[in-house]
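*Asks:* compute the structure for the input listed below.
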Amino acid sequence: MILVSNRNILSGKSVEKCFGDTFNDKGPDELRLAEVRKSGKKWKMELASEGGAKKKLPSEEFFLRLQKKMREKKKNCIFFVHGFNNDLEDVLNRCHTFEKNYQVEVIAFSWPANGGGVRGAASYRSDKRDAKMSVNALDRCFEKLHNYLQTHQDTACNQSFNLVLHSMGNYLKKTLMVSSVYQRETLIFDNIVMIAADVNNKDHTAWVDRIAHRKRIYITINENDYALMASRLKFGEQQLARLGHYTEQLKSNSAVYLDFTEAKRVGNSHTYFEDDAIKNANIHRAFDAMLNGQKAERGLAFDPHTGAYLIA
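*Replies:* Next up is the predicted model:
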């Protein structure tokens, strides 16, 4: 996988501790790049060097290696943005799970989501501030990927790139969409998958319908999602119903809503794309389609009352 991060670098640490829990020393817009793979139970990392007089930037070299691997192994790729209170080890393990369960390559954008070293509501507020401060860095990632896909489109071989946002990762995307820096860079993605979105359900159509994409936008919902229910309770009336656990006002002209609430093995899960949940073939089939640029709603029952397709 390729890891792009605006976290600080910690020298002399193990791979999973190499990126810390605060912003890069040069500021939140500064990015570092690494290629990471799992060998047995251990992680191995190649951290891109800065500077030098190379003809190609390290990011372009990494991109070309990724593209070659996708071409040879006939794999698609997801660009993953994680959520609240995830350290680097959490991110690496989740990306490895995506690779294993859905046969995709992964580019991960990791921001310093450590809860600010505190707990409860203060932790949540700290991560939300850090998410907002990471928006320019995320936009730079999209711009780079867009440029490389344009430059090297002759070697693309029908590869599919899909954007996957989990939990508070959707808040980064929302903040980008309402900012002045967004220039439709996400048109490079076939599917955009908004999983368990920790953003307000209210007025979500105003920014969701602005997202540039090639095929489909998916919004997944679990009304019993324990993390999103806790997120709403943290601030009482100030925190509105979360998009990822609410089946009212699903009115987007662009998005397809998938309701996982009654699906077997979901329960109150916040991560129903992995672990026990994907032993349900219907769940695995839906996420496999979304993450590989395909149509997930084909054959699903549609609920005209909520406007969502139902996963059983």
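*Asks:* show residues contacting stretch 69-81.
*Replies:* Residues outside stretch 69-81 that contact it (C-beta atoms under 8 Å, 6 or more residues apart in numbering) are 66, 94-95, 98, 102-109, 111, 138, 141, 145, 155, 157, 159-166, 169, 172-173, 189, 291-293. C-betas here are computed from N, CA, C, even on glycine.
*Asks:* which of the residues you listed are buried?
*Replies:* The neighbour count (16 or more other C-beta atoms under 10 Å) marks 66, 94-95, 98, 102, 104-109, 111, 138, 141, 145, 159-166, 169, 172-173, 189, 291-293 as buried among those.
*Asks:* inside helices: which ones of the contacts of stretch 69-81?
*Replies:* Residues of the contacts of stretch 69-81 located in helices (DSSP state H): 66, 94-95, 98, 102, 138, 141, 145, 169, 172-173, 291.
*Asks:* now the chain, which segments are flagged as low pLDDT?
*Replies:* Across the chain, residues meeting the criterion (pLDDT under 70) sit at 50-55, 115-121, 156-157, 234-238.
*Asks:* show me where it has strands.
*Replies:* Per DSSP state E, the chain carries strands over the ranges 2-5, 7-9, 19-23, 32-39, 42-47, 76-81, 104-110, 161-166, 191-195, 216-221, 255-259, 301-303, 308-310.
*Asks:* looking at these, which is closest to Ser123?
*Replies:* Evaluated over the strands of the chain, closeness to Ser123 peaks at strand 19-23, with 11.7 Å, by C-beta to C-beta.
*Asks:* what helices and strands are in contact with that closest one?
*Replies:* Applying 3 or more C-beta pairs under 8 Å, 6 or more residues apart in numbering; DSSP states H and E, we find strand 19-23 packed against strand 7-9.
*Asks:* mind running it again at 10 Å?
*Replies:* The helices and strands touching strand 19-23, judged by 3 or more C-beta pairs under 10 Å, 6 or more residues apart in numbering; DSSP states H and E, are strand 2-5, strand 7-9, helix 88-102, helix 120-133.
*Asks:* okay, now the sheet partners of that strand, with direction.
*Replies:* Its sheet considered, strand 19-23 pairs with strand 7-9 (antiparallel) by DSSP bridges.
*Asks:* which residues touch the partner strand?
*Replies:* The contact list for strand 7-9 (C-beta atoms under 10 Å, 6 or more residues apart in numbering) reads 18-26, 28, 30-32, 34, 47, 87-88, 91, 110-114, 130, 134.
*Asks:* can you report how many residues lie near Asp130?
*Replies:* Residues near Asp130, counting by other C-beta atoms under 10 Å, number 24.
*Asks:* can you offset everything so residue one is 108?
*Replies:* Sure, I'll start numbering at 108, so the last one becomes Asp237.
*Asks:* show me what contacts it?
*Replies:* Contact analysis of Asp237 by C-beta under 10 Å, 6+ apart lists 113-114, 128-130, 135, 191, 218-223, 275, 279.
*Asks:* chain neighbours aside, what residue packs nearest to Leu279?
*Replies:* Take Leu279 and drop its neighbours on the chain: the residue closest to it by C-beta to C-beta, 6 or more residues apart in numbering is Ala238, 5.1 Å away.
*Asks:* report the contact partners of the one you found.
*Replies:* Neighbouring residues of Ala238 by C-beta under 10 Å, 6+ apart: 188, 190-191, 218-220, 245, 275-282, 305.
*Asks:* for Asp310, phi and psi?
*Replies:* Torsion angles at Asp310 (phi, psi; degrees, to the nearest 10) stand at phi 60, psi 20.
*Asks:* how close does the residue nearest to Thr413 when sequence neighbours are not counted sit to Gln401?
*Replies:* Among residues not flanking Thr413 along the chain, Thr354 sits closest, at 4.3 Å (C-beta to C-beta, 6+ apart). Remark: distance between Thr354 and Gln401 (C-beta to C-beta, to the nearest Å) = 24 Å.
*Asks:* again with Gly190
*Replies:* Applying C-beta to C-beta, the value for Gly190 to Gln401 is 24 Å.
*Asks:* have a look at those two and say which one is more surrounded.
*Replies:* Gly190 (27 against 17).
*Asks:* show me what contacts the nearest residue to the more buried one once chain neighbours are set aside?
*Replies:* Closest residue to Gly190 apart from its sequence neighbours, by C-beta to C-beta, 6+ apart: Ser274 at 2.7 Å. Contacts of Ser274 were listed using C-beta under 10 Å, 6+ apart, and they are 188-193, 220, 234, 301-306, 332, 334-335, 338, 349, 351, 377-378.
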